[in-house]
Each structure stands twice: as C-alpha cells, then as structure tokens.
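J.: What would the 3D arrangement of this be:
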Amino acid sequence: MTPMQAPANPPAQQDQTVPGQALGIASDSSQATPKGKVAVIGAGPAGLSCALELLKAGYAVDIFELDERVGGLARTVEVLGQKADLGSHRFFSKLDEVNNFWHQGMSADDFIVEQRLSRILYNGKFFDYPLKGFDALFKLGLVESTRCVLSYAYAALFPRQEPTFEAWVSNAFGKRLYEIFFKTYSERLWGIKCSELSDQFAKQRIKTLNLSKAILNAVLPQRNKDGKPLTLIDEFVYPRLGCGMVYERVAQEIERRGGRFFFKQQVVGLTTAPVTAADKAAHPAADTAVDAAADTAADTAVDTAADTAVTWANNGVMGAPHSFPLKITGIVTQELASGQGNGMSNTEVAAAPGTTPQTRAYDIVVSSGIFREMVRSLTVLPDKVRALCSQLRFRNTIMVYLTVDPDKAKLCPDHWIYVHSPEIKMGRMTDFANWSHDMQQGQREHLLGFEYWANDDEELWRQSDAALMAQARADAVKTGFITAAAITGAAVHRIHMSYPVYFNGYESVLAAITRELDKVANLYFIGRNGSYKYNNMDHSVLMGIFCAQKIAGQYHGSLWAINTDSDYQEIKAQA
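T.: So this is what the prediction gives:
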C-alpha cells in the first residue's frame, strides 16, 4: 500500500471543514478561548491519550484517523460473529497515569482479571515463556540439555562483540538455546537474519536475563535494590469486549470534552513556515527558555506559571521561538473512500470521489501516523534527510482467524502460543476466548488468531485470502491439537506497517532524522509507528500523556527517550 503523496505545492492555508464521522457524543466544553489549536494524527493509544490530556489542559483538539474507528493497532473488530483484537494486549503498568487512562469511562465490571499463561511450542512440546531454566532443560532431554549448557559455557568464556540480536542472545543463553528458542521466531517476525537485527531489540525486551540467571532465579529469586523478589507479572486485567472497548470509551470522553474526530482521513502533508520576528516578539525568551536535552524522563514537576499559552517545543527540545528556524502551521488531508483497516484485504486506500486535498491551519501538530511518510511530507527538510527515510522499514501483519469447535479439538488455556517449530509457518496463536468469554458473543466455537508477518514485496503478503486460509488450516493441524474437522470458519485481516524494524544501524539513521525534526517548533511524533519505536501499548499511552504535558509546559524531558526504562514493564516487585 503506497500512501498518496502530498501536493508539491500545497494550496494556501485555509481552515476548511473536512467531512468526518463523529461518534455522536454531545460536547460539554465551555472553553471560550482555547490555549491553542491542535491536530492529532491517528486515533490509536498514543493519539487518544495525548488528545484527552490536551483537552483537559484547555486546548482545542481535532483527531484525524485513516480508519473508520478508533484504537489503531489496539482496536477490536467483528470477525465471524465474534470479537477479536488485532493482536491482544495485556493491560498492566507500574504507572498510575497509564492505569488511570485505561480506566477512563470504564466500570470495575468492564475489566476481568486474567492469570498469565503464554508458552512456546517447539518440537511438539510446550515450554514456559519467558524461558525458565529448569523447565527448558528438563523438557529438551539429557543430550540436548547438555549441548545447551556447554554452549552457554563457551559463550561465557568467549562472548561475541558485534552489536546484533544474534550475538546478544547467544551470549545470554548460548548459541544452542538461541537457535532453538529465538532464531526461528525472530527471523519470521522481522523478515531479516538475526545477524542483521540490532541488539537494541534484545536490550529492550529481554534486558538482563540469561540462562544462569533463569536457573538461579528458580532456586533463589532475584531481588531489587530494596530486597524484594522480582517476578514476571502473573496476572493482568483485560476488557471484557476486547482492547478496543477501552479506546472507544476514551473517544467518547474526548468528544464529551469538545474534541472532534475526522475518520477516513489520510494526512498527506505537513505545512511549515519560518519563525518570524513577530513570533519572537510575542514569545520572549524568558518565558520558555529550557534546554530539555539534559532533563530526565522523570522531570515533570515544573513551574509553568510564566509559560506562554502555546509552548514552543517538539520531541527533543523546548525553547523560545529564536531556538527554532521553522514552525508547524498545519496539515494537508485527503478524504478516503473507505478506511484502511476496515476491510479484510490489502487493497490500497483511494480518495473519495470528487474530493481533493484540503489544507487546515493548526498551532500544534502531534503525529502518530507512519513516521517515514510524515517525515517525507516535510519538503522543507534537506533532501538527504528525507532520503534517509527510505532506509526505515516496517513489517506487515496478516491475521488469519479460524473458528474451532472445542469438542473436536484439544484447545489450550494459553493467551498466546509462540511457535518456534520450523515446519509451522505461523508465528503466534491467540485464543480470544481465553482472554474473555464475552468476546465469543454467545457462540460455542473458539475464535483463534494466527499471526503471519511479511514485507510488501513478499509472496505471502500478495497471496489471496483463500491461500492464506488454507495455510492457516494446515498450520493448525500441524500443531497436533486441532483437527481439520474442528475448523468451522476462516477470515483474513491484513495490517499494513505494524512493526518498525530494528535493523543494524537504524539508530544512526533515526538520529540523523530526529536532529532535523527538532528544528521544527510545535511538531511532535509519538506512538509505535509515529516515532519508530517498538512500543508496548503502555509505552504508547505514556508517550501521548507526556507529549500533552510537554505542550502544556509541564514536562521538559525528551519524548524520544520514552521506552528506555531500566526495568521492563512486566517485572514487578513482590510486597
């Protein structure tokens, strides 16, 4: 799918009303003079959290969404008479800001408590996920376990130095365990060899875990600096009707506060202008002269009494107007004939008949749209910087949904099953009934989601729905616990550009781009695809909240640093 390009010379700015579909919630906003007019691109977790916080702070907010519903990659869809997520997400965070956001408009009965269960399927056996030393070694058998231990000992004596995922995991677990439990799945997910995948992915998701710690922790639990044992979360909350239920409630609250939604809208351009002498005179340096580069992510308690109504800032810096050569002035939108994610195919988006791109003026723009395309639309950036965007890669997801008769299959209680067997092509399997029985909508069959990943130019992405359904049926039978007779229905949903790829060297490419973006005042990039970060859902929500706080002058840290926590989100300290 190739997004439509912005016009080479966008029309002069004009505040035109673009047709959109509202959610039908009456506004109770009584703010006569908003602090500033903000466009939020994308109605996923990051965009919605930012929009809601901005409305609370007194800004006027419009949200532009490519699809016909809210939720982004965390939305819930109707499939074969049941509800399904585009890949379920656990609701767990150590931060009150994130938990409070998720509970916006939700009652206690809207959430259920789930006991965590995810496993790896390898060679016909289930292994605990994340790996537990004794469990893995015992199930692999004496010969294979011996090979794994010797491999780990060799890695400890002769660690590899290259900054790749393969080297990092081989050092942490030994090459043999890496080959069994990491290589196949990771290369299937990312579409590149693990020797070409940056070690940043491992550092972000695996952190300091290794084989010796996994074994030792089974005997002597690891403790934090306060002496409390650390464990992976063993329970989490989940909305009864899927992830999208939370974001639909948030959207209702946004509209109640006066926010406006415009669906089936593709943002094809960002407009800018030079910072003028009038800008500098209207916003003296004493108001917001803050160097955010040295601030920490925790530095949010800031006295903003002297700050101006529209804070001059962006992801990386805050400052007076003289700190920026350029400022954002608006967006260019194109109304679409249909939403990107509503259909069950990979058809390209197309402009609605009789429509043309429209330019809309805004004081501030927050983008959670595809980072690569948004940067390319900034024609004021140096050509060499915009050209770097071609090096940024995104991986597509294909969800094949199967309904399965539980009386004819030996279904598992897992939330996720990660498939590491080379003979099975799918990467992960989800049974939505195990997340919430309410998602079955009264049906007795279980709805299973099989995840496949592909690039735009791969045959898998171009295959017909019928071929993908046949592949999923074959993979289901190969698992050994689903028979062909148990499968009663199938559907396909394709998700374009769902994962930013951490290829070797991506950090330097991204840094060169963000240095130029930090020269444009009042333009922000948030979310997984919006900032090219492999965020979990809670990180995207937090990024949106911090972005709103930065706009309001209450947060002086760098948004580029979000999702660099020292402790992984699923590690908790026992009381």
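J.: what residue ranges in the chain score low on pLDDT?
T.: 1-32, 207-210, 212-233, 283-311, 340-347, 564-575 (pLDDT under 70).
J.: Could you point out the longest strand of it?
T.: strand 487-500 (DSSP state E).
J.: Buried residues, it. List them.
T.: Ile487, Ala490, Ala491, Val492, His493, Arg494, Ile495, His496, Met497, Ser498, Tyr499, Pro500 (16 or more other Cβ atoms under 10 Å). C-betas here are computed from N, CA, C, even on glycine.
J.: Ser338: neighbouring residues, count only.
T.: 14 (other Cβ atoms under 10 Å).
J.: Same list as before, the buried residues of strand 487-500 that is, but in CSV and with distance to Glu196 included.
T.: CSV is the format used below for the buried residues of strand 487-500 (distance: Cβ to Cβ, whole Å):
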residue, distance to Glu196
Ile487, 36
Ala490, 34
Ala491, 33
Val492, 29
His493, 28
Arg494, 25
Ile495, 23
His496, 22
Met497, 19
Ser498, 19
Tyr499, 15
Pro500, 15
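J.: Reduced to three states, what does Pro353 come out as?
T.: coil (DSSP: H, G, I helix; E, B strand; the rest coil).
J.: residues in contact with it?
T.: The contact partners of Pro353, taken as Cβ atoms under 8 Å, 6 or more residues apart in numbering, are Ala337.
J.: do the one 3 residues further on as well
T.: With contacts defined as Cβ under 8 Å, 6+ apart, Thr356 is in contact with Gln334.
J.: change it to 6 Å
T.: By Cβ atoms under 6 Å, 6 or more residues apart in numbering, Thr356 lies in contact with nothing.
J.: so how far is Val268 from it?
T.: The gap separating Thr356 from Val268 is 11 Å, by Cβ to Cβ, to the nearest Å.
J.: and what of Gly505?
T.: From Gly505 to Val268 the distance is 29 Å (Cβ to Cβ).
J.: Which residue of these two possesses the greater neighbour count?
T.: Comparing Gly505 with Val268 by other Cβ under 10 Å, the one with more neighbours is Val268, at 21 against 12.
J.: Show me where the stretch 251-400 of the chain has its helices.
T.: Along the stretch 251-400 of the chain, the stretches classed as helices by DSSP state H, counting those that start in this stretch are 277-282, 285-288, 371-376, 383-388.
J.: how near is Lys264 to Thr355?
T.: For Lys264 relative to Thr355 (Cβ to Cβ), the value is 10 Å.
J.: More neighbours: which of those two?
T.: Comparing Lys264 with Thr355 by other Cβ under 10 Å, the one with more neighbours is Lys264, at 23 against 14.
J.: Phi and psi next, for the more buried one.
T.: Main-chain dihedrals, Lys264, degrees, to the nearest 10: phi 50, psi 40.
J.: How about it, nearest residue that isn't a chain neighbour?
T.: Leu336 (4.4 Å; Cβ to Cβ, 6 or more residues apart in numbering).
J.: count of neighbours near that neighbour?
T.: So Leu336, with other Cβ under 10 Å, has 20 neighbours.
J.: dump the residue contacts of it.
T.: Lys264, Gln266, Val349, Ala352.
J.: Could you pick out the buried ones from these?
T.: Here, 16+ other Cβ under 10 Å leaves Lys264, Gln266, Val349 buried among the contacts of Leu336.
J.: Output those in a markdown table; the columns should cover distance to Gly47.
T.: Output for those, formatted as a markdown table (distance: Cβ to Cβ, whole Å):
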| residue | distance to Gly47 |
| --- | --- |
| Lys264 | 16 |
| Gln266 | 15 |
| Val349 | 18 |
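J.: between those, which is closest to Glu179?
T.: Relative to Glu179, the closest of the buried ones among the contacts of Leu336 is Val349; by Cβ to Cβ it sits at 40.6 Å.
J.: Tell me how far the closest residue to Thr355 other than its chain neighbours lies from Phe262.
T.: Excluding its sequence neighbours, the residue lying closest to Thr355 (Cβ to Cβ, 6+ apart) is Glu335, at 4.5 Å. According to Cβ to Cβ, Glu335 and Phe262 sit 9 Å apart.
J.: Repeat that for Thr359.
T.: For Thr359, the distance to Phe262 (Cβ to Cβ) stands at 14 Å.
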